[in-house]
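With the input below, show me the fold.
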Amino acid sequence: MSESDVGAIRDLQGGDMAEEDGPSRGRRASEQHQTPQLGGHGDAGVDIWSSYLPSEKAAQINRERMETYGDPRPNYTVFAQLLEALFGHPVTPQEAVMVMMMVKVMREICGGFPSGYNDNLEDICGFANVLHVVKEANSGVKHVAGRTGRVDRG
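Now for the predicted structure:
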């Protein structure tokens, strides 16, 4: 997403103001969010991967969701068909998954969540996993143990 896209979203929200409801009402977005400082290249001895990462939880969330909602491959085929009916043009199952990813991106941009709130990031990672399996199911390409090959559908 470009800076102009983010700016356009902020303009739609009423400039630099935060959402009207919630504990941060009336505070500027710049007052709510502090950009984490990652440090320079001099931090080479620091293991930035040793702390919590949302992707660690994503596969577990995918398993739990599958138990509740079923296999995402046929589900997103149906969702794509519903989007086609709504918008009047073709939508692939992969695009349907990306719609859900963008909902989570929008929530992360607009929500003003504290730094420890990881739900949207975990879901974005989970939807990336779903996109992978939906794309694989619709492309005929199977990824196994780091190898890629065509699936014989005959």
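
Please report phi then psi for Gly116.
phi -80, psi 0 (degrees, to the nearest 10).

Which pLDDT value does the model give it?
What the model reports as pLDDT for Gly116 is 88.

How about the one 10 residues further on?
Here, the pLDDT recorded for Gly126 equals 93.

Then Gly149?
So Gly149 comes in at 48 (pLDDT).

Neighbours of Ser115, how many?
8 (other CB atoms under 10 Å). The C-beta positions use only the backbone N, C-alpha and C, and glycine is treated the same way.

Now do it against Gln81, distance only.
39 Å (CB to CB, to the nearest Å).

again, but for Arg63
26 Å.

ok, those two, which is more surrounded?
For Arg63 and Gln81, the more surrounded residue by other CB under 10 Å is Gln81, and the numbers stand at 14 against 10.

Contact partners for that one?
Residues counted as contacts of Gln81 (CB atoms under 8 Å, 6 or more residues apart in numbering) are Val91.
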